[in-house]
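# Kindly generate the corresponding structure for this input.
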Amino acid sequence: MPGLDLFTRRRVRLCSYWLSGSRRVLDAGSGNGWFSYLAYRLGATVIAVNIAQDQVQKATQFYNLWRGIPLSQLKFIKLNVYNLDCLEPGFDEIICYETLEHIKDDVKICKLFWKLLKPGGFLHLCSPYAEHPRWRKERLDIKEKGGHVREGYTLESYRSMLEPIGFQIIDTEGMGGPILTKVCFVIQALKNRFGNVWCLPFVLLAIPLIWLDPRHMNRPYSLYVKAVKRSNDG
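Just a heads-up that it's a prediction; the model follows:
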């Protein structure tokens, strides 16, 4: 569930770019499973992969055992994204939110995405915007131990990575304008000092900012792109 994280709640707006109805979806880097669940709610059969066993177990317990969702419709598995080629291809959509910035060989992963998608299938990426001041100050994790290995992406760097593989970017959206970002930082500071319970009233008051956050801005906190696998490639 998104909990107190307003950025996660803001990313829910990106669901408007997804398909709906019966289809196969891969959530690559599923976190707590919230977006996997939303894809399931929109009619998809979802495979959600996560490198963290504890997150896989918690998501399985919550969505499959407690919520009663069949494993045939929503399945969480422990898998390194470098090993995605073990999955059966033919996905209609792939969701990859806030994950590529943790991976050194992002081109390899995007090539795996291309192979796993049907011709005409869609890739949904969201990662930090490399030119945002927050990420330009980030201390990078050069050993790929779980932190950010790069500041993020710009539209140009997304294109230079995706187009040679055979993708075409067809939509973009910035996420996290100055007001929402500032409020999120304040809430995080309060959470660190006082705990979740004391932050809840501030989060509830701030939720309307999610819907006021513009779709396009000069320096968003994160940048989303929707890319299609060109059907005349490969």
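# Hmm, H148 is touching P128, no?
Yes - H148 is within contact range of P128, at 7.2 Å (criterion: Cβ atoms under 8 Å). (Glycine included, C-beta is placed from N, CA and C.)
# and for the two, which residues touch both?
E101, W135 (Cβ atoms under 8 Å, 6 or more residues apart in numbering).
# In terms of packing, which of those two has more residues around it?
Of the pair H148 and P128, P128 is the one with more neighbours under other Cβ atoms under 10 Å, namely 24 against 18.
# which SS class is the more buried one?
strand (DSSP: H, G, I helix; E, B strand; the rest coil).
# can you pull up the bridge partners for it?
S222 (DSSP bridges).
# Please name the nearest non-neighbouring residue to the residue nearest the centre of the chain.
Nearest to the geometric centre of the chain sits Y97, at 1.2 Å (Cα atoms, centre = their mean). Of all residues not flanking Y97 in the chain, C126 sits nearest, at 4.5 Å (Cβ to Cβ, 6 or more residues apart in numbering).
# Least confident secondary structure element in this protein?
helix 196-206 (a mean of 82; mean pLDDT, DSSP states H and E).
# Quick one: list the elements packing against whatever helix or strand C110 lives in.
Per DSSP states H and E, C110 falls inside helix 106-116. For helix 106-116, the packing partners by 3 or more Cβ pairs under 8 Å, 6 or more residues apart in numbering; DSSP states H and E come out as strand 23-28, strand 91-97, strand 117-128, helix 155-162.
# which of the residues in it are buried?
Under the neighbour-count criterion of 16 or more other Cβ atoms under 10 Å, helix 106-116 has D106, I109, C110, K111, L112, F113, W114, L116 buried.
# show me the residues around the fifth one that make contact.
Just to be clear, that refers to L112. V81, L84, D85.
# Figure out the length between the terminal residues of stretch 151-160.
End-to-end distance for stretch 151-160: 16 Å, by Cα to Cα, to the nearest Å.
# quick one: contacts of that stretch?
So stretch 151-160 is contacted by 100-101, 125, 127-132, 135-136, 138, 140, 161, 169, 172, 222-223, 225, 227 (Cβ under 8 Å, 6+ apart).
# Buried among those? Make that a PyMOL selection.
Selecting only the buried entries of the contacts of stretch 151-160 in PyMOL, with 16+ other Cβ under 10 Å as the criterion:
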select buried, resi 100+101+125+127+128+129+130+132+135+138+161+169+172+222+223+225+227
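# From R11, how far out is the nearest residue to V186 once chain neighbours are set aside?
Once flanking residues are discounted, V186 sits nearest to F202: 7.5 Å by Cβ to Cβ, 6+ apart. Separation of F202 from R11 (Cβ to Cβ, to the nearest Å): 20 Å.
# Of those two, give the one with the bigger neighbour count.
The neighbour comparison of F202 against R11 (other Cβ under 10 Å) goes to R11, with 23 against 15.
# That'll do, ta.
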